[in-house]
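Participant: Here is my input; please provide its structure:
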Amino acid sequence: MSIAVHMSEAKPVILTCAQPTGPLTIGNYLGAIKNWATMLDDYECYFGVVDMHAITVKYAPADLRANTLSCVAQYIACGLDPERSNIFIQSHVTGHTELAWLLSCITPLGDLQRMTQFKEKAAKLGFNVGEGNDLKFSHEGARAQASVNSGLLMYPVLMAADILLYNADAVPVGNDQRQHLELCRDLAQRFNHTYSETFTIPKGFIPKSGARIMSLQDPSRKMSKSDENQSSTLYILDEPAQLKKKIMSAVTDSGNEIVARDDKPGVTNLLQIYSTMSGRSVADIEESLKGEGYGTLKKEVADAVISVLEPVQAKYRVLIGDKAYLESVLKSGAAAAQKRAYKVLGKVYRKAGFVERQR
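Facilitator: Got it, this is the predicted structure:
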């Protein structure tokens, strides 16, 4: 998930995108969507669902369509008001892939093969990236080679295009996306140097509140919807019983003191979730739970999470049942996004030397 900010003469413009690869997690909600909902009055907001990014891994077309509409409904249920923002699907806006092609023509192959996420995903498919960044077989031979598609390699270029198409000034990202942002900055600078000043060089920052929610089963890793262990992740659409079961089984730490500390990552993660869900400070929670056990902490965390998500889930169920409404939201959002995208794309085409199309 990425978010970008561009300063206009009227309001600052925010662009943020999420992949429709399944239900959003509470990490998505607390680290991003909850913050975006507070920006609707002060910023011109564009919220994208990047369905083209989602096809770099094996998927079912019917699932992609369903997940895309579900992501839109979750956005709105979590507080992103379509009357005060523009919600759109990436594939509905001309410019993302066109700009990605232009950027790919100035992207060294080695830069892409050095991406940590690419190397990790390639390794899962049977490859190692050795010295010189050359892909090498590790065990699966030709089947593994066929599994590593070029889209997986080019993913960061499309992400750069998503950002630069709206000439963003700032991009809040997690540690797992820092390399991608650096590539985006490099490509913007390279294009500007080659064709003259065109793109703003985006800067990165991490939101102050709820920016990093960790796995319930391995608090050294960020909570992820792609985690093979589903007990590690709390989804916005999990039923209350599921949420409670996952939280009650969360990994804690040695000792029994309920305190946020580097040597207590499991308890610290639970306190962070509790704090961001309840609005109470971690210090206040620690004080109120002095002398209590981890079971009490987990129960209170579960109650706080469920109380926040139940109304979100109720609103989601209404929205997902109204396809016509969701389509109307997407039509309006795509029109607004397209208007901005065409302005930047037209400028890029002229700089690159393309003959202007006569309309």
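Participant: Test my guess that Pro265 contacts Asp218.
Facilitator: No - counting by C-beta atoms under 8 Å, Pro265 stays clear of Asp218, with 9.1 Å between them. Quick note: C-beta positions are derived from backbone N, CA and C, even for glycine.
Participant: where along the stretch 201-350 of the chain do the helices fall?
Facilitator: With DSSP state H, counting those that start in this stretch as the criterion, the stretch 201-350 of the chain has helices at 240-248, 265-278, 282-288, 294-320, 323-352.
Participant: List just the one of those that sits closest to Lys203.
Facilitator: Closest of the helices of the stretch 201-350 of the chain to Lys203 is helix 323-352, at 18.2 Å (criterion: C-beta to C-beta).
Participant: that older thread, if you count surrounding residues, which of Pro265 and Asp218 has more?
Facilitator: Between Pro265 and Asp218, counted using other C-beta atoms under 10 Å, the more crowded position is Pro265 (18 against 15).
Participant: Spatially nearest residue to the more buried one, not counting backbone neighbours?
Facilitator: Closest residue in space to Pro265, ignoring its immediate chain neighbours: Pro219 at 3.9 Å, by C-beta to C-beta, 6 or more residues apart in numbering.
Participant: can you map out the strands along the stretch 1-150 of the chain?
Facilitator: Here the stretch 1-150 of the chain has its strands, by DSSP state E, counting those that start in this stretch, at 2-7, 12-18, 44-49, 86-89, 127-129, 135-137.
Participant: related to what we said a few turns ago, most tightly packed of the helices of the stretch 201-350 of the chain?
Facilitator: Across those, averaging neighbours per residue (mean count of other C-beta atoms under 10 Å) puts helix 265-278 on top, at a mean of 22.
Participant: The residue of the chain positioned farthest from its centre: what's it in contact with?
Facilitator: Distance to the chain centre peaks in the chain at Gly291, reaching 38.1 Å (criterion: C-alpha atoms, centre = their mean). If you count contacts by C-beta atoms under 8 Å, 6 or more residues apart in numbering, Gly291 has none.
Participant: With Ala352 instead?
Facilitator: Contacts of Ala352 (C-beta under 8 Å, 6+ apart): 102, 195.
Participant: And Ala54, by the same measure?
Facilitator: Residues counted as contacts of Ala54 (C-beta under 8 Å, 6+ apart) are 19-21, 64, 67.
Participant: before we move on, what about Lys351?
Facilitator: Lys351 is in contact with 191, 195-196, 198, counting by C-beta under 8 Å, 6+ apart.
Participant: how about a cut-off of 6 Å?
Facilitator: By C-beta atoms under 6 Å, 6 or more residues apart in numbering, the contact set of Lys351 is 195, 198.
Participant: what's the distance between it and Met52?
Facilitator: Look at Lys351 and Met52: by C-beta to C-beta, to the nearest Å, they are 24 Å apart.
Participant: and what of Ser150?
Facilitator: Taking C-beta to C-beta as the measure, Ser150 falls 14 Å from Met52.
Participant: Settle it for me: which of the two has more neighbours?
Facilitator: The residue with more neighbours, out of Ser150 and Met52, is Met52; 19 against 10, by other C-beta under 10 Å.
Participant: Does the more buried one touch Gln90 like I think?
Facilitator: Yes - in this structure, Met52 is within contact of Gln90 by C-beta atoms under 6 Å, at 5.1 Å.
Participant: Would you write a PyMOL line that selects the buried entries of the contacts of Ala54?
Facilitator: Applied in PyMOL, the following selects the buried portion of the contacts of Ala54 according to 16 or more other C-beta atoms under 10 Å:
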select buried, resi 19+20+21+67
